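Participant: structure here, sequence nowhere to be found:
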């Protein structure tokens, strides 16, 4: 779970870096990178590993959550008032929202490349620009990325703890980096959404 | 003090329980929480009614028996104390207090507020010990232990096995308890000898008896009456990885 999560944490900045090219007025750089990502053999291997990682993370997460629900068949009437990280309580739900968005994202882009959905896989720049002109898509996109930030904030710290890395000095630093990561990364994606929606 | 008590009453493990409301008009702020329950039970017995069953033993905060869930917190709303040390002065006059048993599948309710915590015993029996020949106490300086490690091992060893970590965890996970038991041995040279077998056996038993999984929320650390730290869980994870 933690290893799969860390892999995804490393992948997201790469994805953001490519997506930032959508802010350019020239579609070529983005489309060239998209073409490279779709055709370069090493990336194809990476793509399989990434899909596998996503599936492991999803199914293992669901399995663990089911076990957790079964471990407490009767809940408390007076609730749970323990002082804990707010975001850690809703990982399954923020995760489920991200999964829903991921399915939508696959329909919009990945399935076009696989030929399952009609569209031009050589011009994802135009596909993205036309999607971000739809207000409802932007609303969904922005909500999902806020929830992604919530998910990442706990996930970043939690991965270290699960791997046995807890230190008097370094763990507080990890939590600060987690906060920065969980704000900057979704903000980067949101910047693209808002810019293409309102200013292009 | 006047208090409205909403207490979980359940005749036995098979019956269906419910909350029963009791009004206490004459609670002294100097009473401990258990003394307040004693006073309630005195009234119930005098009225020829079944007293509220709750676990207790030492009433000094070290036996770990008096676990109950009070107003959304294991051992009540005051940090770092057990229910027996919880004073009634922490409650307001006229306050409604919800009192529930620990809720976890491996801790079935026996009666009212008493739960069967033998799942913890099973985990301990699986590996929470050091195999040594019993005999005369060995010479204290024959195995030297670094002061920091000794202190950390002691901090882990003060876990009283009350089950508050399980009660507080949204997943009913026993990781803090198991990690405390693992850590107290893993940090000492005497415990290193069986470290591999110990962690595998205790984690296996923990899963077998049906506790949930740790999702690092930190609720256990926040609610532990002995302030056991979740850095022990990280150490448990390290020990577990090393064991394979």
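Facilitator: On my side now, so go ahead. Please read all numbers here as calculations on a predicted model, not as lab measurements.

Participant: surely residue B:241 meets residue A:165?
Facilitator: No - using C-beta atoms under 8 Å as the test, residue B:241 is too far from residue A:165 to be in contact (11.0 Å). All C-beta spots, glycine's among them, are computed from the backbone N, C-alpha and C.

Participant: ok, these two, which is more surrounded?
Facilitator: Legend: neighbour count by other C-beta atoms under 10 Å in any protein chain shown for residue B:241 and residue A:165, higher for residue A:165 (15 against 11).

Participant: just the helices in chain B please.
Facilitator: Using DSSP state H, the helices of chain B run over residues B:33-46, B:118-127, B:147-157, B:164-168, B:175-186, B:189-192, B:195-208, B:219-223, B:231-242.

Participant: worst-scoring helix or strand of the chain, pLDDT-wise?
Facilitator: Since no chain was named, I'll use chain A. In chain A, no helix or strand scores lower on mean pLDDT, DSSP states H and E than helix A:111-113, which sits at a mean of 90.

Participant: that's the other chain; I wanted chain B
Facilitator: Least confident helix or strand, chain B: helix B:189-192 with a mean of 93, by mean pLDDT, DSSP H and E.

Participant: need the residues touching each of residue B:241 and residue A:165.
Facilitator: Residues touching both residue B:241 and residue A:165 (C-beta atoms under 8 Å, 6 or more residues apart in numbering or on different chains): none.

Participant: quick one, which of the helices of chain B is packed in tightest?
Facilitator: Sort these by mean neighbour count, taking mean count of other C-beta atoms under 10 Å in any protein chain shown, and helix B:164-168 sits at the top with a mean of 30.

Participant: hmm, that one touching chain A?
Facilitator: Yes - Helix B:164-168 reaches chain A (C-beta under 8 Å from any C-beta of the partner chain) through residue B:168.

Participant: show residues contacting that helix.
Facilitator: By C-beta under 8 Å, 6+ apart, helix B:164-168 touches A:80, A:82, B:67, B:69, B:73-75, B:102-104, B:106-107, B:172-177, B:211, B:219-220, B:222-225, B:228.

Participant: just to revisit the earlier point, after the least confident helix or strand of chain A comes which helix or strand?
Facilitator: helix A:124-131 (DSSP states H and E).

Participant: residues near residue A:55, how many?
Facilitator: Residue A:55 has 11 neighbouring residues, counting by other C-beta under 10 Å.

Participant: list the buried residues of stretch A:138-156.
Facilitator: Under the neighbour-count criterion of 16 or more other C-beta atoms under 10 Å in any protein chain shown, stretch A:138-156 has A:138, A:140-142, A:144-145, A:147-156 buried.

Participant: quick check, nearest of those to chain B?
Facilitator: Nearest to chain B among the buried residues of stretch A:138-156, counting by C-beta to the nearest C-beta, is residue A:154 at 7.4 Å.

Participant: tell me how far the nearest residue to residue A:163 once chain neighbours are set aside lies from residue A:157.
Facilitator: The shortest distance from residue A:163 to any non-neighbouring residue, by C-beta to C-beta, 6 or more residues apart in numbering or on different chains, is to residue A:2 (5.4 Å). Separation of residue A:2 from residue A:157 (C-beta to C-beta, to the nearest Å) stands at 11 Å.
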